[in-house]
Each structure stands twice: as C-alpha cells, then as structure tokens.
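*Asks:* just a sequence and a predicted model for now, questions to come.
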Amino acid sequence: MKRPRVALLGGSFDPVHIGHLHIAAVVLASGGYGRVLFVPANLPSHKPSARLAATTHRLRMLQLALAGHPRFAVSDVEVRRGGISYTVDTVRELQACGAIGERPGLVIGDDLGADLDTWREADTLFGMVELLVARRRRSPLPLAWPHRVLANHRLPISSSDLRRRVGAGQVIRNLVPEAVEAYIREQRLYGLTARDSAPCA
C-alpha cells in the first residue's frame, strides 16, 4: 500500500493554538496529503536567542493538542538534534529514516516571504519540498520559489499574544485546545501564578 504523503508544519509552538490546527486541517483538505507532521524547533533559526518554554512543555502541549487527530503527529527530530534548528537538516534526517517521502510538503506563513532567501541552503531546500503557503497577511509578500497558496482563514491569533494574555491573567479559552489550556494552568507557564490561574480558565 502506498504511504500517505506528509506535509511538515514547523514552528516554536509556544504554545500551539487553534490557528496551527486550522492550517493543518486545510493542508489535508487541499488534496495530495494524508498526514501532517508537526515539528517543534529546538532553537528557531530566525530567533535563536528567544526565550521559549522548555521543549518538554512544548512537546507535551502538542501531544495534547493532537490527541484524537489520527492524521496529525508530532516529531521531536529537531529537539533531539539540539542546537539551532534548520529545516533543510530536518528534511534530510526525516527522509533518511523513512519518516517522509522524497517530496514532502513544507508549510510556511506568507509573512516569511522576505526572509526565505536567508534560510540555510534555501535553493536546495525548496527544491526538495512542495512549498505550501498559509495566508497570514492581507497583502502577501512575493515568493521567489514555486509554491501553492492554501485556502486557510486568517485567524488573528499568535503564540506571542497568547503568552501575553496568560501572563496578564486574561482568558485564552477557545484560542487553544482545552487540554492545552489546562496544561498551561497546571504547569503555571508564561508567568501564570497560583493567584491568577483562575482567569485563564
């Protein structure tokens, strides 16, 4: 039986939110892909000095978010490799171990267009994958490589805003999966304290 084609969705996932899940669902609905592999970065190459939640927390939140979605999965390949995460290395490693085929999809946001030429071995990488572009901007930046634009809804949600809301004791319900919200509260992530954990709920 032919294995389903895989699309890679990378990021910090700090925390994972419903926007990420929506984009993954659109990838599956767009045709050509039977599985989406979420790949949390160890240290994102575009912001390696960023202060992120521990990889154990980010991996666990992804596992909780994807439970019940049989066509979504998590790979810890970048976390295990350590150091700065470069997508070209990830694609090569996943291909070498047979986790993905010869031409996987690679999901990016259209707001990354101006920086794609700075990615490690950009020409090689974008020749190895089908570039799937999720809409985030009202006026997308031009891309120099062949790509397919996804018909996703632009949800005004960002992980940085969610972290800010949690730290301020504001509600994040319905912006993240319920299990992720509970985990943030239980682990007191993003500046949440015992005193102000209730408003997050």
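*Replies:* Cool, got the structure.
*Asks:* from here on, just use CA atoms for contacts and neighbour counts.
*Replies:* Fine.
*Asks:* which element is residue 27 on?
*Replies:* helix 18-29 (DSSP states H and E).
*Asks:* hmm, who's touching that helix?
*Replies:* 7, 9, 33-36, 72, 134, 150-152, 155, 157, 174-177 (Cα atoms under 8 Å, 6 or more residues apart in numbering).
*Asks:* now for the closest residue in space to residue 74 that isn't next to it in sequence, how many residues are close by?
*Replies:* Spatially, and ignoring its direct neighbours in sequence, residue 74 is nearest to residue 38 (4.8 Å; Cα to Cα, 6 or more residues apart in numbering). For residue 38, the neighbour count with other Cα atoms under 10 Å is 25.
*Asks:* next, work out how far apart residue 38 and residue 62 are.
*Replies:* Distance check for residue 38 against residue 62: by Cα to Cα, to the nearest Å, it reads 8 Å.
*Asks:* can you work out which residues contact both of those two?
*Replies:* residue 74.
*Asks:* tell me the pLDDT at the residue nearest to residue 74?
*Replies:* At residue 38, the pLDDT value in this model is 98.
*Asks:* hmm, who's touching the helix or strand where residue 65 lies?
*Replies:* Using DSSP H and E, residue 65 falls within helix 55-66. Contacts to helix 55-66, defined as Cα under 8 Å, 6+ apart, come from residues 12-16, 40, 42, 72-74, 76, 79, 177, 179-180, 183.
*Asks:* 6 Å instead, please
*Replies:* Contact partners of helix 55-66, identified using Cα atoms under 6 Å, 6 or more residues apart in numbering, comprise 177, 179-180.
*Asks:* what does stretch 118-131 give?
*Replies:* 88, 103-106, 147.
*Asks:* and the residues you listed, which of them are in helices?
*Replies:* If you go by DSSP state H, the contacts of stretch 118-131 have residue 88 in helices.
*Asks:* count the neighbours of the spatially closest residue to residue 4 that is not a sequence neighbour for me.
*Replies:* Leaving aside its sequence neighbours, residue 4 sits nearest to residue 34 (Cα to Cα, 6+ apart; 4.8 Å). Neighbour count of residue 34, defined by other Cα under 10 Å: 15.
*Asks:* I'd assumed residue 3 was in contact with residue 34.
*Replies:* No - Residue 34 is beyond contact range of residue 3, at 8.5 Å (criterion: Cα atoms under 6 Å).
*Asks:* what about residue 65, neighbour count?
*Replies:* The tally of other residues near residue 65 (other Cα under 10 Å) stands at 22.
*Asks:* and the pLDDT at it?
*Replies:* The model reports residue 65 with a pLDDT of 98.
*Asks:* and it, how far from residue 54?
*Replies:* Residue 65 is 17 Å from residue 54, by Cα to Cα.
*Asks:* try residue 28
*Replies:* 29 Å.
*Asks:* residue 39: which element?
*Replies:* Assessed by DSSP H and E, residue 39 sits inside strand 35-40.
*Asks:* what strands flank the helix or strand that comes right after that strand, and is each parallel or antiparallel?
*Replies:* Next helix or strand after strand 35-40 toward the C-terminus (DSSP H and E): strand 43-44. Partners of strand 43-44 in the sheet, by DSSP bridges, are strand 84-85 (parallel).
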